[in-house]
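Undergrad: With the input below, show me the fold.
(chains A and B)
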Amino acid sequence: GQNIDQPTEMTATEGAIVQINCTYQTSGFNGLFWYQQHAGEAPTFLSYNVLDGLEEKGRFSSFLSRSKGYSYLLLKELQMKDSASYLCAVRDRGGSYIPTFGRGTSLIVHP
Amino acid sequence: DGGITQSPKYLFRKEGQNVTLSCEQNLNHDAMYWYRQDPGQGLRLIYYSQIVNDFQKGDIAEGYSVSREKKESFPLTVTSAQKNPTAFYLCASSTAETGAYEQYFGPGTRLTVT
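TA: As a prediction, the model looks like this:
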């Protein structure tokens, strides 16, 4: 199984940049996901990393270091609508392809 | 539009009653999942199904049951044996065609048992 750790809560200012970290321990890494979840709504897929490095998608980027068991989600030009919970999920080698989710980081963006 | 639907959005039941939560998808995905979400906790896997007429227990299957008679449908029954059924329930699906097998979630059902 996996042990996934991410901060419980973060705050940031509109227009700024914020980095949400995720560390994990797994017996056989096979991919890391980031999801965004607004309060009371469904999680939506943001990014997937399986190789080391940075993946950029508009204002959002996700980084992975497999040797360090570490990932971060970088959000640029923060908007009020970015206030949400950000879930890190890690998949290990096995036949089910099902990731294990961390507890999520609640991001509050204020004016 | 393709997607996943869950109904109802809010559900209230008395303790001791079984209740079935609906999940339907028209994405043509093979795999479907049920998760439970409680405040301050991550998503916890209840059951999953990778193909019609087959399903597997997840991490917290006790007190729950599922069926997968059609590719599009994966209903979850919360039985009276589930000790703490009040929670937010999320259904998801995925496909091998995307390569990443990322999950697509329905809007969720908030179940309250009193």
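
Undergrad: and residue A:73, how many neighbours does it have?
TA: 25 (other C-beta atoms under 10 Å in any protein chain shown). Placement of C-beta: from N, CA and C, glycine included.

Undergrad: Just the pLDDT at it, thanks.
TA: Residue A:73 carries a pLDDT value of 98.

Undergrad: and the helix or strand containing it, is it in reach of chain B?
TA: Assigned by DSSP states H and E, residue A:73 belongs to strand A:70-75. No: if you take C-beta under 8 Å from any C-beta of the partner chain as the test, strand A:70-75 misses chain B, and the best it gets is 14.4 Å.

Undergrad: Export that strand to PDB, keeping only CA atoms.
TA: Provided in PDB are the C-alpha atoms of strand A:70-75 (Å, rounded to 0.1, in the frame of the first residue of the first chain):
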ATOM      1  CA  TYR A  70       7.700  13.700  -4.000                       C
ATOM      2  CA  SER A  71       5.400  15.700  -6.200                       C
ATOM      3  CA  TYR A  72       4.000  19.200  -6.200                       C
ATOM      4  CA  LEU A  73       1.100  20.900  -7.900                       C
ATOM      5  CA  LEU A  74       1.900  24.500  -8.800                       C
ATOM      6  CA  LEU A  75      -0.900  27.000  -9.400                       C
END
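
Undergrad: Show me how far that strand is from its chain's centre.
TA: Mean-position distance between strand A:70-75 and its chain equals 6 Å (C-alpha atoms, centre = their mean, to the nearest Å).

Undergrad: and what of stretch B:29-45?
TA: Averaged C-alpha coordinates place stretch B:29-45 at 7 Å from its chain's average position (C-alpha atoms, centre = their mean).

Undergrad: buried ones in that stretch?
TA: Applying a neighbour-count criterion of 16 or more other C-beta atoms under 10 Å in any protein chain shown, one finds B:29, B:31, B:32, B:33, B:34, B:35, B:36, B:37, B:42, B:43, B:44, B:45 buried in stretch B:29-45.
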